[in-house]
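K.L.:
Quick one, what's the 3D model for this:
(2 chains)
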Amino acid sequence: MNVESILAGAVAGGTSILYPTLGEVIAERSGVVNLGTEGSMLCGALAAYAVGIETGNPWLGVLAGLVAGALMAMVHAYVVLARGANQLATGLVVSFLGLGLTSLFGQDYVGRGVEALTDWDVPLLSELPFLGRVLFQHDPLTYLSIVAAFAAWWALRRTRAGVRLRAAGERPEVLSTFGTSPVRVRFLAVTCGGALAGLGGAQLATAFTRNWSEGMTAGRGYIAVGLTIFAAWDPLRAIAGAYLFSGAEALQLQLQAEGTSLSPFLLQAFPYVVVILVLALLSSRRLGAAPEALSRVFEGRAA
Amino acid sequence: MLATFFRALGWRGALGAAGVVALAGVAISAWSDVQSDPGADDGKLTIGFIYVGPKDDFGYNQAAYEGSLAMASSFPGATLLQAENVPETAESETVMEGMIDDGADLIFATSYGHFEFAQHVAERHPDVVVVHQGGLEEAPGLPNFGTYFGTVYEPVYTAGIVAGSASESGKLGYVYAFPIPQTLANINAFTLGAQSVNPDIETVTVATGSWCDPSLQAQAAQSLIDQGVDVITQHQDCTKTIVEAAEEAGVFSVGYHASTQSLAPHGWLTGSEWNWGPLYTDIVGTVADGDFTNSDYDGNYRVGLQTGTNPFVQSDYGTSVSSSTESLVEEARERFVEGGSPFAGPVLSQDGDTVWADGEQPSYDEVETMDFMVAGVIGQTG
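P.N.:
Below you'll find the model as predicted:
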């Protein structure tokens, strides 16, 4: 078994899951569950692909993906925060809205060539044995995702904005008494989370697969929501969660290529089984880390 | 249950859901009268086509759509009704019924999963001919219903010859969705074609469990490249990600569905693609003459190099393919025209059992129910 290749695949394929997981961590830490992440990813993927094609500049595409993901999340934020709708139901509707919109407007871009974000090998480090290929031979958005995870971790702990965001998710009443509107903080957090999910979609379409096709995220936005619990709402653990899922995908495909006697159907289920098992094993302990306001969402009370 | 769901959504959520359904409706029934000759009198044919996906998917649906246009050019008086994104559910019956309301005399249901619904429509409308692409009707069939398909495994076999000639590592890679008979026939034909050049060739297969999941495709291509394959082919609906991954890794690629030579200028060898026009034209001609019932098309029509124009053709060669390889392909093609099969024995299964002995070869029906992998294929059928 080629461990180097599996780990390199975990990082390469995990980036488009790490971004939405980080986004969901940020949204949920503020007290909002966003199941619309899948919709944000799809809009981000199509916007990045389409703008990349129309302008010939992949970075403008990435920017468009970020904006599109944020806009979808703003729809979610508006409906749940300003109109008080159920977060879970709204998120699902936003996901399907994203799927419908991108299927409709994406038709013209199916199979078309895009100026891709190519891999950028980090000088010197990329020549390291083993680690070079695993960590330092990727596209720029992959490096950025790791930087983003550390930045989010630091910002949540050490900055005033981070404290406010956590307060919105834990003790919104207290935040109010200090003159900050929890609704405003949550709106910004959900929007920011959507922008990250949009970046994930952009990386998927313009760097990792260089392709657009209808529904191409294939549920990875929902996986991100599950991995948020796995990560215990911690941005650094989100890295582990994203790479675990993607590494399981790379592993099952490599087992097939090596001629395993296991059924391909069984192997295809493997990444999902891994996530479910890990959640089952960790949940009771980690759920203690859940932002207080989330329990209100799941118990059906307005947040 | 639905009522509970909408109550949980609240009226705003319900409005949102209704909006999504409406949007999906717009996407689903992108229905258009593409070509209607204003001078056409009522004696002229009206022909409907339904597709499971968008007409410009660079794959299966686009090929069928282009076939319909090619056919229409031979029947300038005919009216063509086109419906894209028709799901493989009872909703497809509604779409077909709508076409009949609009005067359709003949309907082409082009996706595998439209089969039973097309049959239902044919049963209800004995005066309308319904044909289905790829299904198998049980005898005795309806007099106004039939199925048709080509032998895709013939050009896949000849592409295998090209792949076997190009490979130095002796390992070919195959990305596919599900181990269904049509796919297994392709994997086996590709392998046998390659083994006709180099008996030691192995084909490494990886199943993604999806007709189009580009992320899994990218991972699958990488796992094959790590395994040392130097030619990659696929049976997927969207093909771009894999062809580009192969090109970037410096390995050869063999296409499927459509030519993607422009994506792989260095590594492109050849591929198989569709050309439905001639077959559609012949079916429509038969219906126009009122001769459908008891014709070849009233039943399960399978067309290969032997019986006529195969709607599956081999793509253009890449620059690296030598003329000696091309003549090997030509020889194989002549064998098929004369009634030979890519699966002419001796054919061994992975376990070493003889499936077709020397001198034997399978019928079309046997190929379409194929459930094994030949010796030299690395993979599992389930």
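K.L.:
surely A:Y19 meets A:G200?
P.N.:
Yes. Taking contacts as C-beta atoms under 8 Å, A:Y19 lies within contact range of A:G200: 3.1 Å. Just so you know, the C-beta spots here come from the backbone N, C-alpha and C atoms, and that holds for glycine as well.
K.L.:
Give the residue spans of the stretch 151-300 of chain A that score low on pLDDT.
P.N.:
A:283, A:285, A:300 (pLDDT under 70).
K.L.:
Could you tell me which residues make contact with B:P181?
P.N.:
For B:P181, the contacting residues are B:367-371, by C-beta atoms under 8 Å, 6 or more residues apart in numbering or on different chains.
K.L.:
and what of B:G308?
P.N.:
B:L279 are the contacts of B:G308 under C-beta under 8 Å, 6+ apart.
K.L.:
from what I can see, it looks like it's in a helix, true?
P.N.:
No. Using DSSP: H, G, I helix; E, B strand; the rest coil, the assignment for B:G308 is coil, not a helix.
K.L.:
Give me the three-state assignment for the residue sitting furthest away from the middle of chain A.
P.N.:
Ranked by distance from the centre of chain A (C-alpha atoms, centre = their mean), the top residue is A:S261, with 33.4 Å. Following three-state DSSP, the label given to A:S261 is coil.
K.L.:
quick one: A:L279 and A:I229 touch, right?
P.N.:
Yes. Look at A:L279 against A:I229 with C-beta under 8 Å: they come within range, at 6.2 Å.
K.L.:
Who has more neighbours out of the two?
P.N.:
A:I229 (22 against 16; other C-beta atoms under 10 Å in any protein chain shown).
K.L.:
ok, and that one, which helix or strand is that part of?
P.N.:
helix A:220-230 (DSSP states H and E).
K.L.:
so after that helix, what's the next helix or strand?
P.N.:
Defined by DSSP H and E, the subsequent element after helix A:220-230 is helix A:235-257.
K.L.:
Could you list the low-pLDDT ranges of chain B?
P.N.:
B:1-43.
K.L.:
All the helices of it, in order from the start?
P.N.:
For chain B, applying DSSP state H gives helices covering B:2-28, B:60-72, B:91-101, B:115-124, B:153-166, B:181-195, B:214-226, B:240-249, B:277-288, B:323-337, B:364-368.
K.L.:
Please name every helix or strand in contact with the shortest one.
P.N.:
Going back to what we said before, that points to helix B:364-368. helix B:181-195 (3 or more C-beta pairs under 8 Å, 6 or more residues apart in numbering or on different chains; DSSP states H and E).
K.L.:
Can I get the helix it packs on in PDB? Just the C-alpha atoms.
P.N.:
Output of helix B:181-195 as PDB, limited to C-alpha atoms (Å, rounded to 0.1, in the frame of the first residue of the first chain):
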ATOM      1  CA  PRO B 181     -23.400  -5.800 -17.900                       C
ATOM      2  CA  GLN B 182     -22.800  -3.000 -20.400                       C
ATOM      3  CA  THR B 183     -19.800  -1.800 -18.400                       C
ATOM      4  CA  LEU B 184     -18.400  -5.200 -17.900                       C
ATOM      5  CA  ALA B 185     -18.600  -5.900 -21.600                       C
ATOM      6  CA  ASN B 186     -16.700  -2.700 -22.200                       C
ATOM      7  CA  ILE B 187     -14.000  -3.500 -19.700                       C
ATOM      8  CA  ASN B 188     -13.600  -7.100 -21.100                       C
ATOM      9  CA  ALA B 189     -13.600  -5.900 -24.700                       C
ATOM     10  CA  PHE B 190     -11.000  -3.300 -24.000                       C
ATOM     11  CA  THR B 191      -8.800  -5.900 -22.200                       C
ATOM     12  CA  LEU B 192      -9.200  -8.600 -24.900                       C
ATOM     13  CA  GLY B 193      -8.300  -6.000 -27.600                       C
ATOM     14  CA  ALA B 194      -5.200  -5.000 -25.700                       C
ATOM     15  CA  GLN B 195      -4.300  -8.700 -25.000                       C
END
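K.L.:
how much does it deviate in direction from helix B:153-166?
P.N.:
When axes from the mean of the first three to the mean of the last three C-alpha atoms, to 10 degrees is applied, the directions of helix B:181-195 and helix B:153-166 differ by 40 degrees.
K.L.:
Assign whatever residue of the stretch 51-200 of chain A ends up closest to chain B to helix, strand or coil.
P.N.:
Relative to chain B, the nearest point of the stretch 51-200 of chain A is A:G111 (3.2 Å; C-beta to the nearest C-beta). Assigned with three-state DSSP, A:G111 falls in the coil class.
K.L.:
Return the residues in contact with it.
P.N.:
Counted by C-beta under 8 Å, 6+ apart, A:G111 has contacts A:211, A:213, B:56-59, B:238, B:240.
K.L.:
ok, now with 6 Å
P.N.:
B:58, B:240 (C-beta atoms under 6 Å, 6 or more residues apart in numbering or on different chains).
K.L.:
Show the backbone phi and psi for it.
P.N.:
phi 80, psi 0 (degrees, to the nearest 10).
K.L.:
rewinding a little: quick one: closest of the helices of chain B to B:V347.
P.N.:
With C-beta to C-beta as the criterion, B:V347 lies closest to helix B:181-195 of those, at 7.0 Å.
K.L.:
tilt between that closest one and helix B:323-337?
P.N.:
Using the same axes, to 10 degrees: helix B:181-195 against helix B:323-337 is 130 degrees.
K.L.:
Show me which residues of helix B:181-195 are buried.
P.N.:
By neighbour count on 16 or more other C-beta atoms under 10 Å in any protein chain shown, the buried set for helix B:181-195 is B:182-195.
K.L.:
Stretch B:131-141 too?
P.N.:
B:131-135, B:137.
K.L.:
for those residues, which one is nearest B:S253?
P.N.:
Once C-beta to C-beta is applied, the member of the buried residues of stretch B:131-141 that ends up nearest B:S253 is B:G134, at 25.4 Å.
K.L.:
Confirm for me that that closest one is in contact with B:Y148.
P.N.:
No. Using C-beta atoms under 6 Å, B:G134 is not in contact with B:Y148, being 8.1 Å away.
K.L.:
got a markdown table for the contacts of B:P181, with neighbour count too?
P.N.:
Below are the contacts of B:P181 laid out as a markdown table (neighbours: other C-beta atoms under 10 Å in any protein chain shown):
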| residue | neighbour count |
| --- | --- |
| B:V367 | 22 |
| B:E368 | 18 |
| B:T369 | 13 |
| B:M370 | 24 |
| B:D371 | 11 |
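K.L.:
Would you tell me whether stretch B:214-231 gets close to chain A?
P.N.:
Yes. Contact of stretch B:214-231 with chain A (C-beta under 6 Å from any C-beta of the partner chain) involves B:214-215, B:218-220, B:222-224, B:226-227.
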